[in-house]
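# Generate coordinates for the sequence data below:
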Amino acid sequence: MTTETLEKMKSMKFLGMARAFTTSLESGMMADWTADEVVTHLVDAEWDERHNRNIERGLKNAKFRYKAALEDLQYSKERNIDKNLVMRLSECSFIDKHENVLITGSTGIGKSFIASALGHHACSQGYRVMYHNTAKLFGKLKMSKADGTYIKELGKIERQHLLILDDFGIQPFDAQNRAALMDIIEDRHGKKSTIITSQVPVAKWHDLIGEDTVADAVMDRIIHQAHRLELKGESLRKKVKTED
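Next up, the predicted model:
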C-alpha cells in the first residue's frame, strides 16, 4: 500500500509530499503522530516544495545579471544610501502601489546591485520580475520588429510585476528606441512597477531621451510617485582594485 500511495503522489506531481512521506516512514516519525498531524506535515511539505520551485522559476525567468541580496548592502555615509528607504522598498509595497524606483550614481557605485537585490527579494515574495540591460533590450526589440514578434515581447514585459531597466542612457535614443521606451512605460504606467538605474542624473533624462513630446510623456510617467536613490562616492570596483 505504501508503494502504491507513493506512486499516486508522484503521478499527481505531489513531489514534496512524496518526499516527506518517504522520509517520515523511514525515520518512524509518523508512528507517534495523530492523523491530523500527518496530514498537516504532508501538506506543509508539498506547499514548501511548490513555493520553492516557484521562486526558482521566477529567478530563472528574471535573468538577473548576477546574484544580489539586500543583506549584503553596505550603508556607508559616503555612498548616500538611504537605509530607511531601502528597508521600506524591501517590503515590496511599492510594487503593490505600482510605484517606480530611480537609482542614479557614477559607474561602479552599486546601482545594479541594489536594483538586483530588490528584484531577487521581490521574486522570493512571489512577484514576477524581469531584468534587462537597457541597451540590449532595445536592440532585442528592434530585432523583434523585424521578425514580427514585437507585440509579443512587449506583452512579456507588461506582464511583469517589476521590470528592472539597468544602465539607462548609456547609449543615445534614436527614434525607434524612443518609441519602444514610450510603449513600455505607457503599458506599465499606473499598473506595474519599474526600477531604473542610470549613470546620468534624472534631471538630464529629458534631453537624453530627445524629442520633447515623447520625453515629456515618458518623464511624467516615470517620475510620478517615484522613489529616488542618488548614490555618491567613488567606484567600488576601483576601490577593491586599489585595496588589492
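
# chain center to the longest helix belonging to the chain: distance?
Ranked by number of residues, the top helix in the chain under DSSP state H is helix 35-62. Helix 35-62 has its C-alpha centroid displaced from the chain centroid by 21 Å (C-alpha atoms, centre = their mean, to the nearest Å).

# One more: stretch 111-118?
9 Å.

# quick one on the thing from earlier: packing partners of the longest helix of the chain?
helix 15-27, helix 111-124, strand 129-133 (3 or more C-beta pairs under 8 Å, 6 or more residues apart in numbering; DSSP states H and E). Bear in mind the C-beta positions are built from the backbone N, C-alpha and C, glycine included.

# closest one to Leu163 among these?
The closest of the helices and strands packed on helix 35-62 to Leu163 is strand 129-133. By C-beta to C-beta, the value is 5.4 Å.

# Hey, what's the angle from the next helix or strand after the closest one to strand 129-133? Just curious.
Note on strand 129-133: by DSSP states H and E, the next helix or strand toward the C-terminus is helix 134-147. Interaxial angle, helix 134-147 versus strand 129-133 (axes from the mean of the first three to the mean of the last three C-alpha atoms, to 10 degrees): 100 degrees.

# Which SSE is immediately downstream of helix 134-147?
Remark: after helix 134-147, the chain's next helix or strand is helix 150-158, criterion DSSP H and E.

# other SSEs contacting that following helix?
Against helix 150-158 (3+ C-beta pairs under 8 Å, 6+ apart) you get helix 134-147, helix 175-188.

# Just name the most buried of these.
helix 175-188 (a mean of 18; mean count of other C-beta atoms under 10 Å).

# send the alpha carbons of that one over as CSV?
C-alpha atoms of helix 175-188 as CSV (Å, rounded to 0.1, in the frame of the first residue of the first chain):
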residue,chain,number,x,y,z
ALA,A,175,13.5,57.2,-33.0
GLN,A,176,12.9,53.5,-32.7
ASN,A,177,14.3,53.3,-29.1
ARG,A,178,12.2,56.3,-28.1
ALA,A,179,9.0,54.7,-29.5
ALA,A,180,9.8,51.4,-27.7
LEU,A,181,10.5,53.2,-24.4
MET,A,182,7.2,55.0,-24.7
ASP,A,183,5.4,51.7,-25.4
ILE,A,184,6.9,50.1,-22.3
ILE,A,185,6.3,53.0,-20.0
GLU,A,186,2.8,53.6,-21.2
ASP,A,187,1.9,49.9,-20.8
ARG,A,188,3.2,49.9,-17.2
